[in-house]
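>>> mind folding the following:
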Amino acid sequence: MGAHGLCNVRHRSSTWLGICDIGRNIEALGISFSNSFIKTISLGNDTAFWNDQWFSNKPFCEKYNRLFRLESIKEMTIDKRLIKEDGCNWSGSWLWNRTPTGRTLDELNSLLSELQAFKFANNQNDSWKWNLSNNGIDLDTLRCQVCDEGLETVKHTLHQCKFAQEVWTRVLKWWGVSSQTIPSLEDLLEGKSDPARQDRPSLLWQAITWSSIYLIWKYRNHAIFRKKKGLGPMALNEIQIKSYQWISNRSSKIALDWNQWLLNTKSFDDHG
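Numbers count the residues shown, from 1 in each chain. Okay, the predicted model is just below:
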């Protein structure tokens, strides 16, 4: 981070200093940490106008360095340079060592032009926000691309998403389980929770579980990369096919009949 970067804000807490230490490690990887934060200015009395990075992609002291050299009080806060008026508007108040001319005047005009887009926020205090979109990460893409009702985590995608819930409900019904309580994701992944057999893990149930997880993940990818949705009614059929193939190809101890497999899995026994 630069000398006047994000971690040079005044009144830094130990927590904030810890964040800045992490930020330096991130910067070392070539990922912009300081530029991923933006500051919301409500009062401007705790933010340096020139030295803090609060509006532009770099502090104004670096971006308009000639003009900064003419500033009489270089640590001046925003509220002393931009006087807040009615609502969120402001008027400039400057104190120069001498009148800007030439290139320095050009910098002043550029600064004023850039600040035309600035408005004070209505919050009580100035605050920092982490702007992931500024780093090329669209916050919308962090949401589940299938149901759009939660952040896309492994647990959400495979277990909590509406589509995942629909798949597991259909599987349980096919498996002959009247209860609609879906086992935890951890038990599903480990193949420990056979709702129809609590005494021991079932090879059949493990095959069905992994086939279901495969199908849910495949559907998620289709929704994102192919923009295809509406696979719900076909999900169970594909799970039945995948699990049947998996068991038939990997276990010589279980003889499966395809038609019977579709109708009643309880009629089969295994020694998993």
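>>> and the nearest residue to Glu85 once chain neighbours are set aside, bridged to which residues?
Once flanking residues are discounted, Glu85 sits nearest to Ser91: 6.0 Å by CB to CB, 6 or more residues apart in numbering. (Glycine included, C-beta is placed from N, CA and C.) With DSSP bridges as the criterion, Ser91 is bridged to Ile83.
>>> quick check, pLDDT for Ser91.
pLDDT recorded at Ser91 is 91.
>>> contacts only, for it.
Leu82, Ile83, Glu85 (CB atoms under 8 Å, 6 or more residues apart in numbering).
>>> what does stretch 209-229 rub up against?
So stretch 209-229 is in contact with 145-146, 157-158, 161, 163-164, 167-168, 171, 188-189, 191, 231, 235, 238-239, 242-243, 246, going by CB under 8 Å, 6+ apart.
>>> now with 6 Å?
With CB atoms under 6 Å, 6 or more residues apart in numbering as the test, stretch 209-229 has contacts from 145-146, 157-158, 164, 167, 171, 188, 191, 231, 235, 238-239, 242-243.
>>> break the protein down into its domains, please.
Domain assignment for the chain by automatic domain parsing gives 6-137, 141-267.
>>> for these, which has the smallest mean pLDDT value?
domain 141-267 (a mean of 75).
>>> how much space separates Phe47 from Ile83?
Check again: residue 47 is Thr, not Phe. 15 Å (CB to CB, to the nearest Å).
>>> looking at these two, which is more packed in?
The residue with more neighbours, out of Thr47 and Ile83, is Thr47; 22 against 13, by other CB atoms under 10 Å.
>>> residues in contact with stretch 114-126: which ones?
Contacts to stretch 114-126, defined as CB under 6 Å, 6+ apart, come from residues Thr40, Ile41, Ser42, Asp46, Thr47, Phe55, Lys84, Cys88.
>>> which element is Cys61 on?
Using DSSP states H and E, Cys61 maps to helix 60-63.
>>> next structured bit after that helix?
By DSSP H and E, the next helix or strand past helix 60-63 is helix 65-70.
>>> check which helices and strands that next one sits against.
Packing partners of helix 65-70 (3 or more CB pairs under 6 Å, 6 or more residues apart in numbering; DSSP states H and E): helix 102-115.
>>> let's go with 10 Å and repeat that
helix 60-63, helix 102-115 (3 or more CB pairs under 10 Å, 6 or more residues apart in numbering; DSSP states H and E).
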